[in-house]
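1. Dropping the sequence and predicted coords here.
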Amino acid sequence: MRTALVTGAARGIGAAVAARLADDGWQVIATDLAADLPGVGYPLGTERQLRELAADRPTVVPLVADVRDPHAMQRAVDLARSEFGGLDAAVAAAAVMAGGRPLWETTDHEWDLLFEVGVRGVAHLARAAVPALLERPAPRSGRFVALASAAAHRGLWHLAGYNAAKHAVVGLVRGLAADLRGTGVTAMAVSPGSTRTAMLDASADLYGLDDAEQFAQHQLVDRLLEPAEVAAAVCWLCGPDASAVTGTVIHADGGFTA
């Protein structure tokens, strides 16, 4: 059996990825901060949600871990080694939403939150996970997948900090893929569009919208995406059929950036 580590796994796209991988026969270390963060104006995932994810899936090991802490990411990778003998894929899904004002009114705290969780957290996972992926014997098929966003490709009103963080994720993945050249380990990003998650509800609140459904008008599919739809793209990238894909972005965005 193959083993994956997924961050931001208590709910939303991260939970959908962990569930899909487990249902497809993977062993999964599912991590989440499982606590709220000052400055994030909406509740984050909980430890209860993380444990509920694992309750009916014996191959999922829940672990409370903060992506902002490199030692926590190393402990998660070490758990994959001790529980399952190694690591075959790492999925960086943890992120937060903050903002709702022009860039010149965005606070340093909001900026730092976006980058500490959404960019530095991806880097912390990569630094911990990639050596484990490279420990597998050749020919390797390790995968590193980071969740970017349609915001990595199009400017969003009053969300310049979030735009910048997601652009950084794409740049990180492209650089990582270059560093992994010839190893058999690949690195990719997935950019979702407006997906039915708590983060999208938070975005609607930032924009003063009555309902997140109003975001559907920006997508060619003319509806919001479900987390499982984005997870399907992520999990495909984790599998053997994606061996030719690295250093690039899969747009699972319902046509948002078309």
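-> Okay, I see it. Residues are numbered from 1 along each chain as shown.
2. Residue 80 is in contact with residue 3, isn't it?
-> Yes - between residue 80 and residue 3 a contact is recorded at 5.4 Å, counting by C-beta atoms under 8 Å. Every residue, glycine included, has its C-beta placed from N, CA and C.
3. Can you check which residues contact both of these two?
-> 29, 86-87 (C-beta atoms under 8 Å, 6 or more residues apart in numbering).
4. The stretch 151-258 of the chain: strands as residue ranges?
-> Per DSSP state E, counting those that start in this stretch, the stretch 151-258 of the chain carries strands over the ranges 186-192, 249-252.
5. buried set for stretch 43-63?
-> Neighbour counts over stretch 43-63 (16 or more other C-beta atoms under 10 Å) mark 44-46, 49-50, 53-54, 57, 59-63 as buried.
6. which residues touch residue 228?
-> 16, 20.
7. Next: residue 205.
-> Residues near residue 205 by C-beta under 8 Å, 6+ apart: 41-42, 100.
8. Name the residue closest to the centre of this structure, please.
-> Centroid-nearest residue in the chain, with C-alpha atoms, centre = their mean: residue 93, separated by 1.5 Å.
9. How many neighbouring residues does the residue lying closest to residue 203 once chain neighbours are set aside have?
-> Of all residues not flanking residue 203 in the chain, residue 97 sits nearest, at 5.9 Å (C-beta to C-beta, 6 or more residues apart in numbering). Residues lying near residue 97 (other C-beta atoms under 10 Å) number 27.
10. Count the neighbours of residue 92 for me.
-> When neighbours are counted by other C-beta under 10 Å, residue 92 comes out with 30.
11. going forward can the numbers begin at 466, since that is how I track them
-> Got it, the first residue is 466 from now on, which makes the last one we talked about residue 557.
12. Report the beta-bridge partners for it.
-> Beta-bridge partners recorded for residue 557 (DSSP bridges): residue 611.
13. any idea how far residue 620 is from it?
-> Residue 557 sits 23 Å away from residue 620, taking C-beta to C-beta, to the nearest Å as the criterion.
14. The nearest residue to residue 651 once chain neighbours are set aside: what's it in contact with?
-> Of all residues not flanking residue 651 in the chain, residue 711 sits nearest, at 3.7 Å (C-beta to C-beta, 6+ apart). Under the criterion of C-beta under 8 Å, 6+ apart, the neighbours of residue 711 are 642, 645, 651-653.
15. Where does the prediction get shaky in the stretch 566-715 of the chain?
-> By pLDDT under 70, the stretch 566-715 of the chain contains no weakly predicted segment.
16. can you give me the helices for it?
-> With helices called from DSSP state H, counting those that start in this stretch, the stretch 566-715 of the chain shows them at 573-580, 586-600, 625-644, 663-671, 692-703.
17. where does residue 522 fall, helix, sheet strand or coil?
-> coil (DSSP: H, G, I helix; E, B strand; the rest coil).
18. how about the nearest residue to it, chain neighbours excluded?
-> In space, and not counting its chain neighbours, residue 522 is closest to residue 487: 4.4 Å by C-beta to C-beta, 6+ apart.
19. In terms of helices and strands, where is the one you found?
-> helix 477-488 (DSSP states H and E).
20. in that helix, what's buried?
-> Judged by neighbour count using 16+ other C-beta under 10 Å, the buried positions of helix 477-488 are 477-487.
21. So which of the strands of the stretch 616-723 of the chain has the densest surroundings on average?
-> Stretch with highest mean neighbour count among the strands of the stretch 616-723 of the chain: strand 651-657 (a mean of 26; mean count of other C-beta atoms under 10 Å).
22. and the angle from that one to helix 477-488?
-> Relative orientation of strand 651-657 and helix 477-488, computed by axes from the mean of the first three to the mean of the last three C-alpha atoms, to 10 degrees: 130 degrees.
23. so what strands line up beside strand 651-657?
-> When DSSP bridges is applied, strand 651-657 pairs with strand 608-612 (parallel), strand 714-717 (parallel).
24. Output the longest one as CSV, nothing but the C-alphas.
-> Extracted in CSV, the C-alpha atoms of strand 608-612 (Å, rounded to 0.1, in the frame of the first residue of the first chain):
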residue,chain,number,x,y,z
ARG,A,608,4.4,13.0,-5.5
PHE,A,609,4.3,16.4,-3.9
VAL,A,610,1.0,18.3,-4.6
ALA,A,611,0.2,21.8,-3.3
LEU,A,612,-3.2,23.5,-3.4
